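In: Just the structure for this:
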Amino acid sequence: MDFELKLLPLARICSEKCDALLVLIPQDLSAGGDDPLSALAALALKAGDLEAKPGKLLSAYRTPGIAATRVVLAGVGDASPRNVRTAVNAAMANLKNGNTQRVVVSLAAMNNAQPEIVRAAVVACSEAAYVYSTTKSKVSPVKLQRVVIGVNELSVARPGFDKALALVKGIEFAKEWANRPRQPCDTHPAGGGGQGTGEIAQHQGGSSGPQGSRQTGHGVLHGRGPGYVGAPAFYRAAL
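Out: Numbers count the residues shown, from 1 in each chain. I've put the predicted structure just below:
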């Protein structure tokens, strides 16, 4: 899934074409906007159909004056990173199961969203849309391909966005390895010519083990057998 950071104030975001527009609504939302999106949020809050509490959602379809096919208003309370994650996770869990391919997540209702807010929104989108498929024979494809983060000030949001992209790559890499099936590991007596992927045999006495093995403080680590592809570099460094 690709991410993009884009300058999209509330007035401008109404003309942004996308499959779904997710707007995060804080509890201190400023009133007075004359664009269709601001009017929709203000009316929903006034009528009690939307609460600005974290995770509370209100959906609309083909709203007049808004180019997005679907509009989702999501409450974020005091707009803390934790509440932003809660709101984005709730909304994305709904959106990812439909035909949505391009989502715009608007932070424009929050005055100059700080880097930590942007980072929370990006990471939450990635986590909500993640599906493990590497070793599965049948996987339902995720149609969501692109997420645009809309903000009022690019210079303020950019540091958080860049850091979030790095975090997303690291988190997805860790999830891929954590979800892979475990490989078998057999143990044999020293000199048994271990055939496993990382066999450890107890070694008592003597100063050297079998050829192709090295001694450790607790035994002998034999050479890996066929099919061993190695662990990630950061994991090997920790061994």
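
In: what helix or strand does Val84 sit in?
Out: Counting by DSSP states H and E, the element that carries Val84 is helix 81-95.

In: next structured bit after that helix?
Out: In the C-terminal direction from helix 81-95 (assignment by DSSP H and E), the next one is strand 102-106.

In: And stretch 20-40, what's buried?
Out: 20-26, 29, 33, 35-38, 40 (16 or more other CB atoms under 10 Å). Just so you know, the C-beta spots here come from the backbone N, C-alpha and C atoms, and that holds for glycine as well.

In: Same question for stretch 138-153.
Out: Leu144, Val147, Val148, Ile149, Gly150, Val151, Asn152.

In: try stretch 159-167
Out: In terms of neighbour count (16+ other CB under 10 Å), stretch 159-167 has its buried residues at Gly160, Phe161, Lys163, Ala164, Leu165.

In: With stretch 64-84 instead?
Out: Those would be 66, 68-77, 79, 81, 83-84, for stretch 64-84 by 16+ other CB under 10 Å.

In: thinking again about what came up before, so what does the helix holding Val84 touch, helix or strand wise?
Out: Other elements packing on helix 81-95 under the criterion 3 or more CB pairs under 8 Å, 6 or more residues apart in numbering; DSSP states H and E are strand 20-26, strand 57-61, strand 70-77, strand 102-106, helix 115-129.

In: if we go to 6 Å?
Out: strand 20-26, strand 70-77, helix 115-129 (3 or more CB pairs under 6 Å, 6 or more residues apart in numbering; DSSP states H and E).

In: Okay, strands next: where are they in this structure?
Out: Residue ranges of the strands in the chain, as given by DSSP state E, are 2-7, 20-26, 57-61, 70-77, 102-106, 146-151, 200-201, 214-215, 220-221.

In: Put the alpha carbons of the longest one into CSV.
Out: In this case it means strand 70-77. Taking only C-alpha atoms (Å, rounded to 0.1, in the frame of the first residue of the first chain), the coordinates of strand 70-77 have been written out as CSV:
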residue,chain,number,x,y,z
ARG,A,70,-18.2,7.7,0.5
VAL,A,71,-17.6,10.1,3.4
VAL,A,72,-16.8,8.8,6.9
LEU,A,73,-16.6,11.3,9.8
ALA,A,74,-14.7,9.9,12.8
GLY,A,75,-14.5,11.4,16.2
VAL,A,76,-11.0,11.8,17.8
GLY,A,77,-11.8,13.5,21.1
